[in-house]
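*Asks:* Fold the following for me, if possible:
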Amino acid sequence: MYFFNDARRRDPSVAKYISPIAVERLWPLSVGKRHQGEAVLGDGTYALQYTVTGTEVLATPMGPQTTFVVELKESSPNGYGASQKWWISPTFKYVLKSEFKDSRGANVSIHVTSVRAP
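*Replies:* Got it, this is the predicted structure:
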């Protein structure tokens, strides 16, 4: 089972490319933990560095939740750069908030607004 809905779930043949750089390599989460690697995609090689930068309490529909803050810095020789930040609940083992920014001007923020038990 993968923490994020990524290409490995849709096409298991890509696991050998994604698994070495997957955020799951930080598990179990602890402040200061790091992981780095490279992703080779059609348009070049991307350097990736994940860091668990701290903890933060988020206000959520389930009440205040303590989360680990995980940051990803992505760069490539062609000048592209991006940063992603996830607020991950150790209780729910789920991302409660996510932010993405890149050198092309993208700026996306996602927040959990409701939860439904399976």
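*Asks:* Go ahead and flag the most central residue of this structure.
*Replies:* residue 86 (5.4 Å; C-alpha atoms, centre = their mean).
*Asks:* What strands line up against the host helix or strand of it, and which way round?
*Replies:* Element membership of residue 86, judged by DSSP states H and E, is strand 81-89. If you go by DSSP bridges, strand 81-89 pairs up with strand 65-75 (antiparallel), strand 94-102 (antiparallel).
*Asks:* Number of residues surrounding residue 23?
*Replies:* 21 (other C-beta atoms under 10 Å). Every C-beta, even on glycine, is put in place using the N, C-alpha and C of the backbone.
*Asks:* For it, which non-adjacent residue is closest in space?
*Replies:* Counting by C-beta to C-beta, 6 or more residues apart in numbering, residue 23 lies nearest to residue 50, which is 5.7 Å off, once chain neighbours are set aside.
*Asks:* list the contacts for that neighbour?
*Replies:* 23, 25-26, 34-36, 70-72 (C-beta atoms under 8 Å, 6 or more residues apart in numbering).
*Asks:* Can you say which helix or strand has it in it?
*Replies:* Assigned by DSSP H and E, residue 50 falls in strand 44-58.
*Asks:* Using CSV, write out every CA atom in that strand.
*Replies:* Presented in CSV, the C-alpha positions along strand 44-58 are these (Å, rounded to 0.1, in the frame of the first residue of the first chain):
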residue,chain,number,x,y,z
GLY,A,44,15.6,15.4,-17.8
THR,A,45,16.8,14.5,-14.4
TYR,A,46,15.3,16.0,-11.3
ALA,A,47,17.0,16.2,-7.9
LEU,A,48,14.6,15.6,-5.0
GLN,A,49,15.2,16.3,-1.3
TYR,A,50,12.6,15.5,1.3
THR,A,51,12.9,16.8,4.9
VAL,A,52,10.6,16.5,7.9
THR,A,53,11.0,20.1,9.0
GLY,A,54,8.8,20.1,12.2
THR,A,55,5.4,19.6,13.6
GLU,A,56,2.3,21.8,13.5
VAL,A,57,-1.2,21.7,15.0
LEU,A,58,-3.8,22.3,12.3
